[in-house]
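Asker: Sharing a sequence plus its predicted fold:
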Amino acid sequence: MTPLTTEHIVDTFTDFFRERGHQDIGGSSLLPPPGDPVLFTTSGMHPLTPYLEGRPHPLGRRLVNTQRCLRTTDLDEVGDSTHLTVFEMLGSWSLGDYGGPRSLRWGYELLHEGFGIPRERLHVTVFGGDGQVGLDQESLDTWRDIGLPVELTGGDENWWSNGPTGPCGPDSEIFVWTGPDGTPPQGTPTTDPRWVEVWNHVMMRYRRHEEGGRLSTLRQQNVDTGMGLERVVSVLQGVDSVYETDLFEPWTRLVPELWGVEDESGLRLVCDHLRSLIVVHGEGVRPSNTGRGYVPRRLIRRTLTTLWRDDPDRTLGDLPRELVEHTESHFRLSTDGHGPVIDMLREEEDRFRRLLERGRKVLSRYGGRELTDIDYGYLHDTHGLPRELVQGVLGVG
């Protein structure tokens, strides 16, 4: 496969579906509408929930877009090769229009002909049934007709839902073999991690209810597909990590020169968190102790905790303008530039330094003894010192 730029990959995806009657609805804000209990948009389908439940969409029944998302549930995983705090999803939707077989055929066509992935490097999984819903026979028959190898799974493996209740259904996932060139594909997606999932097609046919997890059939049968942009870019560019793609090129080039972060996982965390902070700032969210604003405050403190392990004089005020402008441009953010972001980072850094000074004085009263859960609760509730800060920067356990 010839490496493709991120911009070309996004354009190829969007153009493919527009040629097939889909309207490009653009990406929504990271901020959900008023009344939504979620702090940030966490998936590509989240902004479309009302339309997946039957409300007519003003642009029709075939849609496509690129949606930025933010998740904090995987913060402890950031630093590996795939997890990001802010990421993007490429999505396509059929709102009561065409069914799963057409979506799967288009999925194969785009990956094989549009992106040039050889047929022999593709594998798929299909929902094999459970106690409530049977085998997804339509998807199985479609893949067999196309000629791709299929692995059947049960339970939650190929079942998609956005929560304990609401729209849900069986899904079919498409995997790409990422083993070394010349190494023939081996095993299956559940037995060999070199099979990397790039695209999920959800046959949203059901609604799960609160009472005992009962399922009912949706009046409007939908197809919801989601492709993680950063992951598919890493596959198509032939690299082992999302941090090795062109999306992160300026970050991985400039951050080591600036702060000398040599630890790979630490470097990735710093790049991810600062990039995410620029996006959140561009959405108008400012650090605070509660709600939505606690997310940027936590990201800043995690970043500083990493940077100060080797050198407490490192400062976020040195963040290069190029990184701010590169991130704002990619995420299509209308912001007021480099200065306000840096001012926000400096203010939070000063606040964090004062917190650490106060924390050291408070912790000196414990005489170096091992802290209990009650101690941690008191330190957090009374002095604003979370456990990760006490055990991390302050080095007390």
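Answerer: In hand now; what should we look at?

Asker: can we go C-alpha only for contacts and neighbour counts from here?
Answerer: OK.

Asker: in the stretch 1-150 of the chain, what spans have low per-residue confidence?
Answerer: Across the stretch 1-150 of the chain, the ranges flagged by pLDDT under 70 are 1-2.

Asker: where along the stretch 251-397 of the chain do the helices fall?
Answerer: Assigned by DSSP state H, counting those that start in this stretch, the stretch 251-397 of the chain shows helices spanning 264-282, 294-307, 321-330, 338-363, 373-383, 387-391.

Asker: shaky segments in the stretch 251-397 of the chain?
Answerer: For the stretch 251-397 of the chain (pLDDT under 70), the answer is 335-337, 392-397.

Asker: Checking my notes, Glu151 in a strand, right?
Answerer: Yes: looking at Glu151 with DSSP: H, G, I helix; E, B strand; the rest coil, it is inside a strand.

Asker: Dump the helices of the stretch 251-397 of the chain into TSV; add mean neighbour count as well.
Answerer: What follows is those, written out as TSV (neighbours: other C-alpha atoms under 10 Å):
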stretch	mean neighbour count
helix 264-282	22
helix 294-307	20
helix 321-330	17
helix 338-363	15
helix 373-383	13
helix 387-391	16
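
Asker: so which of those gets nearest Thr82?
Answerer: Set against Thr82 and scored by C-alpha to C-alpha, the helices of the stretch 251-397 of the chain come closest in helix 264-282, at 10.2 Å.

Asker: how about the nearest residue to Ser288, chain neighbours excluded?
Answerer: In this structure, Ser288 finds its nearest non-sequential neighbour in Tyr294, 5.1 Å apart by C-alpha to C-alpha, 6 or more residues apart in numbering.

Asker: Hmm, Pro287 and the one you found touching each other?
Answerer: Yes: assessed by C-alpha atoms under 8 Å, Tyr294 is found in contact with Pro287 at 5.8 Å.

Asker: name the element Gln220 belongs to?
Answerer: Assigned by DSSP states H and E, Gln220 falls within strand 215-228.

Asker: Next, the buried residues of that strand.
Answerer: For strand 215-228, a neighbour-count test (16 or more other C-alpha atoms under 10 Å) marks Leu215, Leu218, Gln220, Gln221, Asn222, Val223, Asp224, Thr225, Gly226, Met227, Gly228 as buried.

Asker: any idea how far the fifth one is from Cys168?
Answerer: Read it as Asn222. 10 Å (C-alpha to C-alpha, to the nearest Å).

Asker: Of all the helices of the stretch 251-397 of the chain, which one comes closest to Ile25?
Answerer: helix 321-330 (17.4 Å).

Asker: Give me the contact list for that closest one.
Answerer: Pro250, Trp251, Arg275, Ile278, Val279, Gly282, Ser334, Thr335, Gly337, His338 (C-alpha atoms under 8 Å, 6 or more residues apart in numbering).

Asker: As TSV, the residues you listed with distance to Glu322 would be great.
Answerer: Formatted as TSV, the contacts of helix 321-330 follow (distance: C-alpha to C-alpha, whole Å):
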residue	distance to Glu322
Pro250	8
Trp251	9
Arg275	12
Ile278	12
Val279	14
Gly282	16
Ser334	16
Thr335	14
Gly337	11
His338	9
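
Asker: Gly99: which of the residues you listed is nearest?
Answerer: Using C-alpha to C-alpha, Val279 is the member of these that sits closest to Gly99, with 35.3 Å.

Asker: so what's that closest one up against?
Answerer: Contacts for Val279 (C-alpha under 8 Å, 6+ apart) come out as Val86, Thr327, Glu328, Phe331, Leu333.

Asker: Same question for Gly114.
Answerer: Counting by C-alpha under 8 Å, 6+ apart, Gly114 has contacts Thr12.

Asker: Try it again at 7 Å.
Answerer: For Gly114, no contacting residues are found, by C-alpha atoms under 7 Å, 6 or more residues apart in numbering.

Asker: State the distance from it to Leu63.
Answerer: Counting by C-alpha to C-alpha, the gap from Gly114 to Leu63 is 19 Å.

Asker: ok, so what distance separates Ile25 from Glu120?
Answerer: With distances taken as C-alpha to C-alpha, Ile25 is found 34 Å from Glu120.

Asker: now swap in His380 and tell me
Answerer: Where Glu120 is concerned, His380 sits at a distance of 54 Å (C-alpha to C-alpha).
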